[in-house]
Every structure is written in structure tokens, then in C-alpha cells.
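A.B. asks: Give me a model of this one.
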Amino acid sequence: MLQIYFLSILLNVVAGLILVYATDFTAKKSEAAEDAEAENQDSEVEKISDDSTDSEGDSVFDKKLQFAINSKDTFFDDMTFRLVVAILSGLTGVLKLLSTVQNDVPVIGDLIPAVAGLAACFALLIEFYIQKSKVELKLPAFLTTVFIGGRKYLGIFCIIAGVLHFIFPRVLFL
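C.D. replies: Below is the predicted model of the structure:
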């Protein structure tokens, strides 16, 4: 089904962007570091508003884009949005394993995008659980290394899987 194909591409890219660029809620930050970060953001807002009168349009745009990516309260940092993306990525990953697109090879035809979606689902669900639960999560060292410590690499893998799946639709494993 083409709908699942495009949904897989979209969710792999969005989940990858969340894992790479959004705030990592699994990292334990001290209150002093959070206060320093809040002060830095306030000073960045003042710098951007002061620099908005520059004649160089590119530098102002770059600063505003950088501020938008790094600022808190973006929709990528919303835990409900992340939970919905995680659930949909997992569901789409399972459906990619079970369904084929127009004479494609079952299971291995879309293996990499399906695995990327399932991995992103697991990483985002672990992060959601760690953020919302009062009980400490004990995972094996391998899973902690891959899904918590290597979340940026996992995000890059998801983005690459989504883009390659879009560009090369009938290649085996993609």
C-alpha cells in the first residue's frame, strides 16, 4: 500500500529529526545547568532582537533559525507529540514488515525502513517512560548504549533510511 509507504518515509524522517535535534530528556541535568541554560537563552533573545537591524539578511535568518531549533517549547519537545510519533512509527514499522508495495519481496523488501521505524519507536518510548515515570528504568548495557547514548546516530539512521526509501522505492531492503 502506498499510504503505508509514504507514512513510513514521513515518520522515519520526523522521528530522526526528533532524535537528532530535539531536547534529550533522558539526560539528567543539574538545576544549576538548567538555570545557566535559561540565562543563555534570554541573552540570545536579546542579541537576536538587537541584531535584527543588520543589513545582512542571511546572518539574522541564521541566528533566528538556530534560536528556533535550540529553544525550548517547540513542538519537537512536546512529550505528547513524541509519544504519538513513537506509536505511529512502531505501528508503521510492523505494517511495513507485513505488507508489500506492488510486487515487492515480502519482509526483506522494506526491511531497513521497518527496522528504523521500530528502533525510533523504542527509543522514543524509552525516553517517554524515563521522563514520566518515578521508577528508575534498568536496561541492559547494550540497549542503554544504542537507544539512549546513541540516539543521535539512531536519528541519523532513521533520516537516511527515510530519504533512501523515498529515492529508491524498489531496491531490495529499502
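A.B. asks: any idea how the protein splits into domains?
C.D. replies: Following automatic domain parsing, one finds the domains of the chain at 1-23+74-174, 27-71.
A.B. asks: Where does the prediction get shaky in this protein?
C.D. replies: 1, 28-73, 106-107, 173-174 (pLDDT under 70).
A.B. asks: show me where it has helices.
C.D. replies: Taking DSSP state H as the test, the helices found in the chain are 2-21, 31-51, 57-70, 79-98, 111-132, 141-143, 151-167.
A.B. asks: Kindly reformat those helices as TSV containing mean neighbour count.
C.D. replies: All C-beta atoms are positioned from the backbone trio N, CA, C, and that covers glycine. Below are the helices of the chain laid out as TSV (neighbours: other C-beta atoms under 10 Å):
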stretch	mean neighbour count
helix 2-21	20
helix 31-51	11
helix 57-70	12
helix 79-98	18
helix 111-132	21
helix 141-143	10
helix 151-167	19
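A.B. asks: Please convert those to a markdown table, extending it with distance to Val105.
C.D. replies: As requested, the helices of the chain are arranged in a markdown table below (distance: least, C-beta to C-beta, whole Å):
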| stretch | distance to Val105 |
| --- | --- |
| helix 2-21 | 14 |
| helix 31-51 | 48 |
| helix 57-70 | 39 |
| helix 79-98 | 12 |
| helix 111-132 | 9 |
| helix 141-143 | 30 |
| helix 151-167 | 14 |
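A.B. asks: Contact partners for Val146?
C.D. replies: Each residue near Val146 by C-beta atoms under 8 Å, 6 or more residues apart in numbering is listed here: Leu154.
A.B. asks: And for Ile126?
C.D. replies: Ile126 touches Thr26, Leu137, Leu139, Phe147, Ile148, counting by C-beta under 8 Å, 6+ apart.
A.B. asks: The same query, at a cut-off of 6 Å, please.
C.D. replies: Phe147 (C-beta atoms under 6 Å, 6 or more residues apart in numbering).
A.B. asks: what's the answer for Ala116, then?
C.D. replies: Listed by C-beta under 6 Å, 6+ apart, the contact set of Ala116 reads Asn12, Phe157, Cys158, Ala161.
A.B. asks: In TSV: the residues you listed, plus distance to Ile108.
C.D. replies: TSV is the format used below for the contacts of Ala116 (distance: C-beta to C-beta, whole Å):
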residue	distance to Ile108
Asn12	17
Phe157	18
Cys158	19
Ala161	14
